[in-house]
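> no FASTA, just this:
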């Protein structure tokens, strides 16, 4: 199988390394508008060859899009225009509804498999790629009824080879859930970093006290705006909804503390401890 | 040296294990109002013997308080009443100003060393204790000018044996800084857990999508209310101040997204990325 990976950053690079380890692959082409990333990916042995987009589309059995979600949306119509009926396209967007809606009537819609691998780190670029990023993680397949069975089978075999667990959702449901378990975590981290950086200007010694708890809650604030602004844009309504709910929860803790109602504060914290049954 | 540890939870237990590994210790007594924790600590070899508080005070060269901050404040006056001039007391509170203010005129104030080891995990109890919790972490000494030089020397030698880095602050400065780099991280985690748990009631499948980013930002929400309510109570004004600033930052991100001002959103995220120079 010849595979093209459009976007050789953390996800695309890790995918190339993982596929190479997990299954027989004839050749992996890398495509990227960032020529620095492209030559790094080649140099690191992540891809076998660099390619222009058009050539990659013509020459590959499988085309995988691992660029930011705005670029997926831009590129997808013309890629679907160009492919033949035996080719498969996978897009790995962190948001799905707007992307899938924009190509829903395309005659080659069935050749597209929409997935979101629930894996990532706060780092970006091919130098951050690792060959076990996806192991044991969930792979969310979106609106899979609209994908041709043979195209799904190829994506499913990749999912299995990467030791990922398949999960099925419709795109709307996916976008709402990711707002709650991924997008809001990033927003709180960005805002927490801004809060503390603001204070640091007047209180230079503040970071002598930064321990593991602080590092853990702000590490996502290292994530790139190039990736995240398009996600927030495409998932605006869900993100606003969860952000409003989160501000309400913070305001409630604020008010309870201000009123010195420590009994209720205790109950709120005890209730939040139930998160133990979700995360290890 | 005979040492008594009052409170054999995560911090007290880890301290006992670390001290035993790092320096010659004749005997470590454990004191705890929770008899279950006490027998676990004995069974796990963390302490050599259990003891009543009064006996522990009489029989020890060094008495270390690793109980929640409200209990430190309650116990400290009578402990200082009972000790002799050759004994040393260390308290390891996460807040310091209110505790130190309440005993500032005590005739044995000089025998007290007020420290805050910047180490911890979201777990509690002696079973969570580890012998390397403090290695390479900061140990904050508060209001050290009020401590007798010989008492400070003993605390300093412990700090060195544990391979910790000493940092010196006055108690007020300490409480302000910890509000920014520790207490707010816990509040956001508690509130984030509440936000998501609330949503889960109506959206059962939400956690199929929870990845590493989510786990990282909510892991502190596993922390116990028994420890944290007294911290928020003692550091109320600082915590309210930082919480108000954090809500302002979140509201700003909300408004910018609602207004579809993606240029400003990009700039805010880019600015928050500067946290990279603080955390690895």
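Now that the structure is in, tell me what you want to look at. Keep in mind the model is a prediction, meaning the values are calculated, not measured. Numbering: from 1, shown residues only, chains lettered A, B, ... in the order given.
> From residue B:210, how far out is the residue nearest to the spatial centre of chain A?
With distances taken as CA atoms, centre = their mean, the residue of chain A nearest its centroid is residue A:94 (4.2 Å). For residue A:94, the distance to residue B:210 equals 14 Å [CB to CB, to the nearest Å]. Quick note: C-beta positions are derived from backbone N, CA and C, even for glycine.
> Please apply the same query to residue A:9.
Residue A:9 is 23 Å from residue B:210, by CB to CB.
> More neighbours: which of the two?
Neighbour count, other CB atoms under 10 Å in any protein chain shown: between residue A:9 and residue B:210, residue A:9 has more, with 25 against 22.
> Report the buried residues of whichever strand or helix holds residue A:75.
Using DSSP states H and E, residue A:75 sits within helix A:69-82. Using 16 or more other CB atoms under 10 Å in any protein chain shown as the test for burial, helix A:69-82 gives A:69, A:70, A:71, A:72, A:73, A:75, A:76, A:79, A:80.
> close enough to count as contact, the last one and residue A:109?
Yes: using CB atoms under 8 Å, residue A:80 and residue A:109 qualify as a contacting pair, with a distance of 7.2 Å.
> shared neighbours of the two, which are they?
Counting by CB atoms under 8 Å, 6 or more residues apart in numbering or on different chains, the shared contacts of residue A:80 and residue A:109 are residue A:103.
> Let me know the helix or strand that the nearest residue to residue A:184 once chain neighbours are set aside is in.
Leaving out its chain neighbours, the residue that sits closest to residue A:184 by CB to CB, 6 or more residues apart in numbering or on different chains is residue A:242, at 4.7 Å. Element membership for residue A:242 (DSSP H and E) is helix A:236-258.
> What is that helix packed up against?
On a contact count with 3 or more CB pairs under 8 Å, 6 or more residues apart in numbering or on different chains; DSSP states H and E, helix A:236-258 meets helix A:184-200, helix A:262-272, helix B:184-200, helix B:236-258.
> Let's have those helices in CSV, adding distance to residue A:24.
Converted to CSV, those look like this (distance: least, CB to CB, whole Å):
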stretch, distance to residue A:24
helix A:184-200, 37
helix A:262-272, 48
helix B:184-200, 41
helix B:236-258, 45
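> if we can go back for a sec, let me know the closest of the buried residues of helix A:69-82 to residue A:63.
For the buried residues of helix A:69-82, the closest approach to residue A:63 (CB to CB) belongs to residue A:79, at 6.4 Å.
> Model confidence for that closest one, exactly?
Note for residue A:79: predicted pLDDT of 98.
> go on, the one 5 residues further on?
Looking at residue A:84, its pLDDT is 96.
> how many neighbours does residue A:271 have?
Neighbours of residue A:271 under the rule other CB under 10 Å: 16.
> re the thing from before, mean confidence for the helix holding residue A:242?
Average pLDDT, helix A:236-258: 97.
> in it, what counts as buried?
Buried, per 16+ other CB under 10 Å, within helix A:236-258: A:236, A:238-240, A:242-243, A:245-247, A:249-250, A:253-254, A:256-257.
> Identify, from those, the entry nearest to residue B:216.
Minimum separation from residue B:216 among the buried residues of helix A:236-258 (CB to CB) is found for residue A:246, which lies at 16.2 Å.
> which one is the closest one nearest to, not counting chain neighbours?
Closest to residue A:246 by CB to CB, 6+ apart is residue B:195, at 4.6 Å.
> can you pull out the helices in the stretch 1-150 of chain A?
Assignment of helices within the stretch 1-150 of chain A using DSSP state H, counting those that start in this stretch yields the ranges A:10-22, A:35-43, A:53-59, A:69-82, A:97-102, A:149-161.
> Mind checking if the fifth one is in reach of chain B?
No: applying CB under 8 Å from any CB of the partner chain, one finds helix A:97-102 out of contact with chain B, separated by at least 13.8 Å.
> Quick one: mean pLDDT over that helix.
98.
> what do you get for the last one?
For helix A:149-161, mean pLDDT rounds to 97.
> so after it, what's the next helix or strand?
Downstream of helix A:149-161, the next assigned helix or strand under DSSP H and E is strand A:165-169.
> which secondary element of chain A has the worst mean pLDDT?
Using mean pLDDT, DSSP states H and E, the weakest-scoring helix or strand in chain A turns out to be helix A:212-218, at a mean of 86.
> roughly how far out does the helix or strand following that helix sit from the chain middle?
Next helix or strand after helix A:212-218 toward the C-terminus (DSSP H and E): helix A:225-234. Remark: helix A:225-234 is offset 11 Å from the chain centroid, using CA atoms, centre = their mean, to the nearest Å.
> got the angle for helix A:225-234 vs helix A:184-200?
Here helix A:225-234 runs at an angle of 120 degrees relative to helix A:184-200 (axes from the mean of the first three to the mean of the last three CA atoms, to 10 degrees).
> which strands and helices sit next to helix A:225-234?
Going by 3+ CB pairs under 8 Å, 6+ apart, helix A:225-234 lies up against helix A:69-82, helix A:97-102, helix B:262-272.
> circling back: tell me the one of the buried residues of helix A:69-82 nearest residue B:169?
residue A:69 (45.0 Å).
> Give me the pLDDT for that closest one.
For residue A:69, the pLDDT comes out at 97.
> can you tell me which residues contact it?
Going by CB under 8 Å, 6+ apart, residue A:69 touches A:93, A:94, A:95, A:98, A:99, A:230, A:231, A:234.
> Residue A:253 now?
Shown in contact with residue A:253 (CB under 8 Å, 6+ apart): A:265, A:268, B:187, B:190, B:191, B:243.
> where's the second one relative to chain B, distance?
Pointing back at residue A:268 there. Counting by CB to the nearest CB, to the nearest Å, the gap from residue A:268 to chain B is 7 Å.
> ok, now the first one?
Summarising the geometry, the distance separating residue A:265 from chain B, computed by CB to the nearest CB, is 5 Å.
> which residue sits closest to that residue in space, ignoring its chain neighbours?
residue A:256 is the one closest to residue A:265 (CB to CB, 6+ apart), at 4.9 Å.
> from what I can see that neighbour touches residue A:264, true?
Yes: assessed by CB under 8 Å, residue A:256 is found in contact with residue A:264 at 4.8 Å.
> For those two, list the residues in contact with both.
Counting by CB under 8 Å, 6+ apart, residue A:256 and residue A:264 have no contacts in common.
> Tell me the spatial nearest neighbour of residue A:258, not counting adjacent residues.
Nearest residue to residue A:258, sequence neighbours excluded (CB to CB, 6+ apart): residue B:240, at 5.9 Å.
> can you check residue A:197 too?
residue B:274 (5.8 Å).
> number of nearby residues for the residue of the stretch 1-150 of chain A found nearest chain B?
Residue nearest to chain B within the stretch 1-150 of chain A (CB to the nearest CB): residue A:118, separated by 4.4 Å. Neighbour count for residue A:118, taken as other CB under 10 Å: 23.
> Now it. Its backbone dihedrals?
The phi/psi pair for residue A:118 (degrees, to the nearest 10) reads phi -80, psi 70.
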